[in-house]
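Colleague: kindly return the folded structure for what I paste below:
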Amino acid sequence: MSPSEHRLTVPVRDPDRLLELKVGDVVYLNGTLITARDKAHQRMFDEGREPPVDLDRAAIFHAGPVVRKRDGDYELVVVGPTTSTRMAKYLEDVLEAGVRVIVGKGGMGPEAPKLMKGRAVYLTAPGGCAALLSERVERIRDVCWRDLGVPEAMWILEVREFGPLIVTVDAHGNELSWKETG
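Modeller: This next block holds a predicted model:
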């Protein structure tokens, strides 16, 4: 069966939309995408700080953007995925907070298919795609926890046709296998 291509609006208002996605499918996101790396996860879940943004039905992107200040506002220079396995220990907490889409690279660890089943999807941003993904960010809407530093702050991005992203863990509990079959 060949992969399908999907457009998904985030935050995810209709959770049944996630069930349409199967491992190997290609997804493009439209809407709001929130960056969160190691320090943001630590602050929320190790320190118990309330997230500065609503994570219910949200999409988070394991990324550390490069930005510059221009005319009193932030401008995106480039944004690409960072390795998600570093945030795997927070996966249950992230899902409990309501996150339904996670974007990154390198997978979410061996527990991800079980934990994400019926709840969320993990989308892989292919390596070397930072320039292309950056073109799909329409604007930086806000930044939270700027004190963590530019790459570790939570950047709230408005995206259009953000992708291509590959469904690596679907909401059916399946994980894309990179092994040869047959």
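Colleague: number of nearby residues for V121?
Modeller: Look at V121: counted by other Cβ atoms under 10 Å, it has 28 neighbours. C-beta: built from backbone N, CA, C; applies to glycine.
Colleague: any regions of the protein where pLDDT drops low?
Modeller: Scanning the chain for pLDDT under 70 picks out the ranges 1-2, 178-182.
Colleague: mind jotting down where the strands sit in it?
Modeller: Under the criterion DSSP state E, the chain contains strands at 5-10, 26-35, 59-61, 66-70, 73-78, 101-104, 121-124, 137-144, 154-169.
Colleague: can you lay out those as JSON lines showing distance to P52?
Modeller: Below are the strands of the chain laid out as JSON lines (distance: least, Cβ to Cβ, whole Å):
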{"stretch": "strand 5-10", "distance to P52": "18"}
{"stretch": "strand 26-35", "distance to P52": "10"}
{"stretch": "strand 59-61", "distance to P52": "13"}
{"stretch": "strand 66-70", "distance to P52": "17"}
{"stretch": "strand 73-78", "distance to P52": "16"}
{"stretch": "strand 101-104", "distance to P52": "18"}
{"stretch": "strand 121-124", "distance to P52": "23"}
{"stretch": "strand 137-144", "distance to P52": "4"}
{"stretch": "strand 154-169", "distance to P52": "6"}
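Colleague: what's the closest of those to A112?
Modeller: A112 lies closest, by Cβ to Cβ, to one member of the strands of the chain: strand 154-169, at 4.9 Å.
Colleague: what helices or strands is that closest one leaning on?
Modeller: strand 26-35, helix 112-116, strand 121-124, strand 137-144 (3 or more Cβ pairs under 8 Å, 6 or more residues apart in numbering; DSSP states H and E).
Colleague: out of these, deepest packed?
Modeller: Using mean count of other Cβ atoms under 10 Å, the stretch among the helices and strands packed on strand 154-169 with the greatest mean number of neighbours is strand 121-124 (a mean of 26).
Colleague: give me the residues contacting that one.
Modeller: Here strand 121-124 makes contact (Cβ atoms under 8 Å, 6 or more residues apart in numbering) with 18, 21, 27, 29, 81, 84, 100-108, 112, 116, 165-171, 176.
Colleague: could you list the paired strands of that strand along with their orientation?
Modeller: Sheet pairing of strand 121-124 (DSSP bridges) gives strand 101-104 (parallel), strand 154-169 (antiparallel).
Colleague: keeping just the C-alphas, turn that strand into CSV.
Modeller: Only the C-alpha atoms of strand 121-124 are listed here, as CSV (Å, rounded to 0.1, in the frame of the first residue of the first chain):
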residue,chain,number,x,y,z
VAL,A,121,1.2,10.9,16.3
TYR,A,122,4.9,11.4,15.9
LEU,A,123,6.1,13.0,12.6
THR,A,124,9.6,12.9,11.4
